[in-house]
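Asker: Give me coordinates for this.
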Amino acid sequence: MSTPVAIAGATGYTGRELVRLVLAHPNLELAGVFSSPGGSNVGKRVDEVFPELRGRTDAVFVAGTPEAILACSSQVALLCTPHEASAALAPALLDACPIVADLSGAFRLPAQLYPKHYGFEHPTPHLLELAAYALPERNRDAISTASLLSCPGCYPTASLLPLCPLVDAGLLAEGHTPLIDAVSGISGAGRSPTPRNVFGDVSLQPYGVFAHRHQPEIAAHAGTRVLFTPSVAPFTRGMLALVHVDVKPGVTENDIRDLLERSYGSSTFVRLLPKGTWPSVAAVERTNFADIAIAYDEQSHHAVLSCTLDNLLKGASGQALQAVNIRLGLDERAGLMPGVAGTPAEGVA
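Answerer: Model (predicted):
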């Protein structure tokens with residue numbers, strides 16, 4: 001028995017990936033594909049907009065109103081919509097749709113931070129307490145029972161995976177503020193053309209220094225103040241984050257490595273690399289893996305943790321599907337690794 005899934009905002013990069021993933025999933029079926037109401041893609045076939053899906057679906061983009069999304073009787077709604085649109089859509093869907101997974105930033109921060117970091121007053125602050133932060137390796141239990149999944153994006157995922165175990169274990173030096181430098185491929189800027197993401201104008205460039213909306217998100221979910229600098233680079237997809245931390249005297253590189261092994265040794269999608277092996281964007285491209293490596297200077301007690309991932313998969317759509325798998329009681333690898341059959345869900349609680 002397949003679980004019906006609706007995808008709203010399906011014409012962007014993350015929506016495109018989710019359409020592809022759901023079509024290939026052994027336990028999900030594509031019940032509806034939705035575009036911005038009044039947008040140019042409404043009424044077009046999905047395989048007309050995404051030609052790589054020719055022969056795989058005859059679905060047509062429908063205007064993504066709450067009524068239209070609910071009419072397809074999906075049990076899972078995946079929202080790839082802008083932040084403010086997701087904040088309005090999610091409450092309209094939750095009464096009738098058992099699982100809503102949002103890929104925007106609409107449910108990631110305390111309500112009082114939305115005017116500053118997202119430019120709007122949050123319309124449903126009560127839902128912020130109900131949303132599970134859907135980083136599977138860190139929050140599996142909450143994901144398994146939540147109706148609203150708030151899926152972190154690429155920058156927070158690449159930063160939190162290496163940083164959180166050290167914070168949790170109390171290894172950071174007293175009063176230390178971790179520094180995070182992260183570089184994203186240009187697909188992180190979305191499909192709508194702007195001077196920043198036109199091919200001929202793309203360069204390696206920092207942006208949002210000390211002001212990026214992911215800085216408070218990373219700090220909130222890591223449990224420590226951080227300084228975060230994002231940059232965009234002239235490659236299509238992928239991300240590299242460098243997390244710089246000072247640790248307490250007496251902490252060794254083996255202590256840090258053992259801690260990360262205990263944290264992620266049984267995780268399917270987080271790979272701790274051997275000493276001397278460095279993660280690369282190419283090694284994780286078009287996969288749901290995150291690769292982590294460690295360098296440590298004993299004299300300064302300074303560690304550099306590097307993490308790479310595909311910003312459109314482990315940093316967005318793949319991670320959302322991983323969380324939905326967990327919520328449905330399926331093998332979390334289903335639809336994300338070849339040859340993995342999910343455990344059929346009898347129904348959604």
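Asker: how close does the residue of the chain most remote from its centre get to residue 232?
Answerer: In terms of distance from the mean C-alpha position of the chain, residue 299 ranks first, at 35.8 Å (C-alpha atoms, centre = their mean). Distance, residue 299 to residue 232, by C-beta to C-beta, to the nearest Å: 34 Å. (Glycine included, C-beta is placed from N, CA and C.)
Asker: mind listing what's buried in the longest helix seen in the chain?
Answerer: Determined from DSSP state H, the single longest helix within the chain is helix 154-168. Neighbour-count burial for helix 154-168, counted by 16 or more other C-beta atoms under 10 Å, picks out 154-167.
Asker: can I get those in JSON lines with pLDDT?
Answerer: Listed next are the buried residues of helix 154-168 as JSON lines, based on pLDDT from 0 to 100:
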{"residue": "154", "pLDDT": "96"}
{"residue": "155", "pLDDT": "96"}
{"residue": "156", "pLDDT": "97"}
{"residue": "157", "pLDDT": "98"}
{"residue": "158", "pLDDT": "98"}
{"residue": "159", "pLDDT": "98"}
{"residue": "160", "pLDDT": "98"}
{"residue": "161", "pLDDT": "98"}
{"residue": "162", "pLDDT": "98"}
{"residue": "163", "pLDDT": "98"}
{"residue": "164", "pLDDT": "98"}
{"residue": "165", "pLDDT": "98"}
{"residue": "166", "pLDDT": "98"}
{"residue": "167", "pLDDT": "98"}
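Asker: Now distance to residue 8 too, for the residues you listed, in CSV please.
Answerer: Output for these, formatted as CSV (distance: C-beta to C-beta, whole Å):
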residue, distance to residue 8
154, 20
155, 23
156, 22
157, 22
158, 25
159, 27
160, 26
161, 27
162, 32
163, 31
164, 30
165, 34
166, 37
167, 34
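Asker: one step back: and the residue farthest from the centre of the chain, backbone torsions?
Answerer: phi -70, psi -40 (degrees, to the nearest 10).
Asker: next one: residue 259
Answerer: Torsion angles at residue 259 (phi, psi; degrees, to the nearest 10) stand at phi -60, psi -50.
Asker: what residues are up against the nearest residue to it once chain neighbours are set aside?
Answerer: Leaving aside its chain neighbours, residue 259 sits nearest to residue 165 (5.2 Å; criterion: C-beta to C-beta, 6 or more residues apart in numbering). For residue 165, the contact set (C-beta atoms under 8 Å, 6 or more residues apart in numbering) comprises 259, 260, 262, 263, 264.
Asker: Could you say which helix or strand holds the nearest residue to residue 66 once chain neighbours are set aside?
Answerer: By the measure of C-beta to C-beta, 6+ apart, the closest residue to residue 66 outside its immediate chain neighbours is residue 92, 3.8 Å from it. Secondary structure from DSSP states H and E places residue 92 in helix 83-94.
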